[in-house]
Each structure stands twice: as C-alpha cells, then as structure tokens.
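Participant: No sequence on hand, only this structure:
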C-alpha cells in the first residue's frame, strides 16, 4: 500500500519541503559511489550515521542530525522523499517556512532519541529521514484527518488506486510501526520502528499549538476534518486499448483473405467462438 498523492493543495509554494528533498538527494548522490566498497561505506556511516552505543557513551551527538540526511539505498531515499512530498507542503503552509523547518528537524531529533532509548547499546548505524517524515505524518493526521489520499494497492498482480481518508492510511501506518516494533529486536538492524513511532507522536504533539490556534476541536467541526481549502479533484481515464465491435466475427475466405478492420480501429482477435459482449475497458 503506497500513497501517491493527496487531494489537499497548499496555498503557498513549499520552498522548505522542496529544499529538504533536494538536500537529501544531493547528499545521497555525494556518497553513493562508496556503496560498492564495503570498507569505505562503513567508515562513512561510522562517522555520520547515528550509532546508539556511541551516542550513549557521550560521543557523536551531532550524528542525531547528520543521520537524518543519509539513506541506505535508492529505494530507501525514494520512499522517504515521496512521503515528504505528499504531506510536507500542507504543514509548511500552516506553520510557515521557518516554523516548518524547525518542526521537521525537531521531529527528526526526537525520533533519533526514541530509537536511542529503545536500543542504547546497539552498534548498528542508523540512517534515514524516516523519523522526521513520520513527524510530518503525525502533524498532518492532526490537522487533516479526513483529507483524501490516493493509495496504490498491490496484491500479487492486482493493481488498484483508491482514495482513502488520511486517518485510515496514516493510522494504519502508525499501528504497523507499533506492532512491528514490539516484535523486533532494534539491536540487530533492519527498520527502526521505534524511531518511526516516536517521530509520529512527537510530530503530532508539536503540531498541537497550530491546531489550537486554529480553534482546536472547532477547527474539525467547521471543516469536518477536511482541509479548509477545496480539495483537488483527480479524474481517471479509460485506457486507449480498442475493443472488437459487438457481433463482429472474423471471416475466413481463402480467396479474399481476412476482412479488413473498420477504418480508425484495431481488431483484436479473441479465442473461442463465444459471441458474448467483451468486458468493459479497464480503468488506469
């Protein structure tokens, strides 16, 4: 289940969101060449990634910040930047540019501390903007619980895009982090679930001043949990794959050959002799 976009346009250009995305991408490509050399990449992460055991001993506090701009691979980076692009602009619209920047960094630092508390003796380097972006998601949930989010559902070979309320998508994501965090050992590597869950809660708490400034529960009552501005409407179009006309059959004539298709249409042969109406075009 992957979010693709929300229906919540922002009222101002999200300069900080775009700059954060650019910074993460540029930092990643500055060291991606080291990933082919295990010794070099381990030394790099050893210097700039957050290692809980190191920070617990009183060294490397700055890595709580630097680790927020590092990623372990292209898909790690792409997933985080997708979430930031979808949800970041609206919080920046509400908080202002500098307010959102402070919020983002505070959420990331808090997420790093949550992971540190969960595994203070771990020597596994921790990298990624996930904790800060989880804070953005927590703030978004508080302000726009019923904003529509388009998600792509993939079940084996089944692909479907459906709009769901933000509270469902973000709430489900948060519950999965808690559930997986309880069953995972944070000292063995993998996903830092407690950083995600901690960042989400911290972001929600840090958004409370904005929420109460907008009227608190009255803000929800006025807009019914939806964005205060008109939601964007996205339409789906049918595919351009042509259909065989109803009742049309291929004529086999040894002298003249197969019948020519109608001008401007493609004839797609069907197996069997059924004359049933072909199914409707799929939605894309």
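Facilitator: Cool, got the structure. Computed from a predicted model, the values in this text were never measured in an experiment.

Participant: if I've got this straight, residue 149 is in a helix?
Facilitator: No - counting by DSSP: H, G, I helix; E, B strand; the rest coil, residue 149 is not part of a helix but strand.

Participant: Quickly note the distance from it to residue 232.
Facilitator: 11 Å (CB to CB, to the nearest Å). (Each C-beta comes from the backbone N, C-alpha and C, glycine too.)

Participant: higher neighbour count, those two?
Facilitator: residue 149 (23 against 12; other CB atoms under 10 Å).

Participant: quick one, what contacts the more buried one?
Facilitator: 3, 5, 6, 7, 86, 163, 164, 165, 166, 169 (CB atoms under 8 Å, 6 or more residues apart in numbering).

Participant: how does it look with 7 Å?
Facilitator: 3, 6, 163, 164, 166, 169 (CB atoms under 7 Å, 6 or more residues apart in numbering).

Participant: Surely residue 93 is in contact with residue 11?
Facilitator: Yes - with contact defined as CB atoms under 7 Å, residue 93 counts as touching residue 11 (5.3 Å).

Participant: Between the two, which is the more surrounded one?
Facilitator: Taking other CB under 10 Å, residue 93 and residue 11 do not tie; residue 93 has more neighbours (21 against 11).

Participant: which residues touch that one?
Facilitator: By CB under 7 Å, 6+ apart, the neighbours of residue 93 are 10, 11, 12.

Participant: nearest to residue 73, of those?
Facilitator: Nearest to residue 73, judged by CB to CB, of these is residue 10 at 29.6 Å.

Participant: Against residue 221, how distant is the closest one?
Facilitator: Taking CB to CB, one finds residue 10 at 22 Å from residue 221.

Participant: same check, this time on residue 142
Facilitator: 15 Å.

Participant: just the helices in the stretch 151-284 of the chain please.
Facilitator: 166-183, 193-206, 208-213, 217-223 (DSSP state H, counting those that start in this stretch).

Participant: Between these, which one is closest to residue 80.
Facilitator: helix 193-206 (10.9 Å).

Participant: ok, for residue 131, nearest residue in space, not its chain neighbours?
Facilitator: residue 111 (2.3 Å; CB to CB, 6 or more residues apart in numbering).

Participant: need the contact list for that neighbour.
Facilitator: Contacts of residue 111 (CB under 7 Å, 6+ apart): 131, 132, 134, 135, 195, 198, 199, 202.

Participant: Please repeat the previous calculation with a cut-off of 6 Å.
Facilitator: Residues near residue 111 by CB atoms under 6 Å, 6 or more residues apart in numbering: 131, 195, 198, 199.

Participant: Give me the number of neighbouring residues for the last one.
Facilitator: By the other CB under 10 Å criterion, the neighbourhood of residue 199 contains 32 residues.

Participant: Ok, the first one next?
Facilitator: Burial measure for residue 131: 32 neighbouring residues, criterion other CB under 10 Å.

Participant: That one against residue 201, yeah?
Facilitator: No - the pair residue 131 and residue 201 does not pass the contact test of CB atoms under 6 Å, sitting 10.8 Å apart.
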